[in-house]
Structures are given as C-alpha cells and as structure tokens.
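# I would like the atomic coordinates for the input below:
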Amino acid sequence: MQERESSRKRLFIGLLCGTGLAVCVFLALVWIVPYIGLSNIHPLAPWVVGGVFAVAILLVLWATLGLAVSVVLGRPFLASDHLRGVMAKVFLPLMTIFARLFGISKSRVRESFIKVNNEMVATAANRYEPDELLVLLPHCLQSSRCDRRLTYDINNCKRCGRCPVDGLLSLAKPFGIHIAIATGGTIARRIVVQKRPRLIVAVACERDLSSGIQDTYPIPVYGVLNDRPNGPCLDTQVALPHLETALRFFLVDGEARRPVFSPFAGLAPLGALGGSR
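Next up is the predicted model:
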C-alpha cells in the first residue's frame, strides 16, 4: 500500500511540474509574438507587457516549485500551505488536460491529487472539536436493498449490518461527530452550508472527492476513497479503520479516545505529516 501511495505522489509531482512548465512556455510565447509589433506602438510597450508576463511566469514558477517541494518534504515550502486553493482550482484542471497528452487517465490524476491534498490538510496539524467536524458520505454506501431514507438523518438506519452505515454509526456516538449522507453534489453543498464545519472528512470516489475538494475550498477536506466491489455507485464499501484513524488524528484529544476498530496501518504516515500534537 505504501508503494501505491508513493506512486500517486510521484505522478502528482510529475504532472504538477510538467503543467507549470507548459504554462510558463505558453506565457513566454504569448509575450514573444506581440513583442515584434508592440515597439511600433510605443518604444516602452514591449517592456511593459514583458514585465507583466515575467511577473506571471514567476508566480507560476513559485506555485509550481512550492507545491512540488512541499509534497517531497512533507511540509510547507515557500508558503505553499497557502496554495491549496490554487492547486485545486487552477492546477488540477490544467494537470488533467496535460495528462491526456501522455495517456494518463483522469482517475489516476484525481487519485494523486487527493493523496497530496490529504497530506497538505494533515500537515496543517489543526485539531477540531467534534461539532466542528463533518463526516460526509455518499448514498451508495447504503445497501441498495434498503428502503430506509438516510439522507440528512443517518439515524434512520435500522442497523441491520448489511452495509457500512452500521459501523459508521458506531463511530459517531463515541467521537461525538455529525455524519451525513448526500445523494449528490447539490445536497452535499447544502449540508455543508447548514453545518458550517471547519473540517470535512469525506468518503467518495475519485471524481466526487476531487470536485468536492474544489467546491468547498477554503474548508479543508480529508478524502477517503470508497471501495467499489460491485462497480461505481452500487453497494460501495469504506475502510472503517481508515476513517477512525483520520478522526482520531484531527479531533481534539482524539488519540485519547477508546478505539472502536483495529488500527489502520496504512495511515501510519498521517501522524508524522501532522507534526507533534
């Protein structure tokens, strides 16, 4: 599992650097082309336009270098902790386009983005009270054979144990957190507006997690990918120990709470990224 995580990180760094350089080359070309004719308008016009593009290129290089090095080091570099929004709203769409040139799927790009986003959120090392944290779930975790309506109120579950919702409710009470199920992006955004959390721990597929991270910025989102043994959007599963490990890490006095599930070894680096408690 660690090897897979490292692969995602390398993919992200490669796409990030490639996208950043491509943008810089594009800006340079946009400047060079009119440079030939600008001098005919005013002798200083080429230098003014060149200065504007030079600043833009420097900003892109700063964002690219800061994000890439911070991913490698596992800590902020060149104030990269303030660039999470730039990564989500600017670099991710450009990286997706850039990845197509090399035959890299959107799914792989999104996986690498979620991995790096999680590390940046964990590196911030912020701790939250239970009422400041929202666990947001997709409706496909609920059994397709269940007739209970769980949207908005997960407590309507009869806890038959046929889907992960029973285990999720086992986490909700001891940790004192609010858990909500959304049937789509619109309802998810409505729940976020109503609850106004300071941190969201979201379970979903790569596509929904990526769009959710973009939509809810600047609220930090820690993403947990669901398992899809029956294909997308049907009776999906989630590693409950993974979710619990994230909750114990982000909640105030979380590590002092009594464990509900066995430890999730795959999240060993989470504590290291977050620094000292």
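# tell me the SS of the most far-flung residue of the chain relative to its centre?
In the chain, Asn40 marks the outermost C-alpha relative to the chain mean, sitting 48.3 Å out by CA atoms, centre = their mean. Judged by DSSP: H, G, I helix; E, B strand; the rest coil, the three-state class of Asn40 is coil.
# go on, Glu255?
From three-state DSSP, the assignment for Glu255 is helix.
# give the contact list for the closest residue in space to it that isn't next to it in sequence.
With CB to CB, 6 or more residues apart in numbering as the measure, Arg248 is the residue that lies nearest to Glu255, at 5.4 Å, once sequence neighbours are left out. (Glycine included, C-beta is placed from N, CA and C.) Counting by CB atoms under 8 Å, 6 or more residues apart in numbering, Arg248 makes contact with 254-255, 257, 259.
# State the three-state secondary structure for Arg248.
Applying three-state DSSP: Arg248 is helix.
# roughly how far apart are it and Pro174?
11 Å (CB to CB, to the nearest Å).
# quick one on the thing from earlier: please check the contacts of Arg248 and keep the buried ones.
Gly254 (16 or more other CB atoms under 10 Å).
# would a markdown table of the contacts of Arg248 with distance to Val23 and pLDDT be doable?
Formatted as a markdown table, the contacts of Arg248 follow (distance: CB to CB, whole Å; pLDDT from 0 to 100):
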| residue | distance to Val23 | pLDDT |
| --- | --- | --- |
| Gly254 | 40 | 76 |
| Glu255 | 42 | 77 |
| Arg257 | 45 | 77 |
| Pro259 | 46 | 81 |
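# Can you show me the strands along the protein?
133-138, 178-182, 199-204, 221-225 (DSSP state E).
# what residue ranges in the stretch 51-200 of the chain score low on pLDDT?
Low-confidence segments of the stretch 51-200 of the chain (pLDDT under 70): 76, 78-82, 125, 152.
# Which residue ranges of it form helices?
In the stretch 51-200 of the chain, the helices defined using DSSP state H, counting those that start in this stretch lie at 84-86, 92-100, 106-123, 165-175, 185-195.
# Point out the most buried one among those helices.
Using mean count of other CB atoms under 10 Å, the stretch among the helices of the stretch 51-200 of the chain with the greatest mean number of neighbours is helix 106-123 (a mean of 22).
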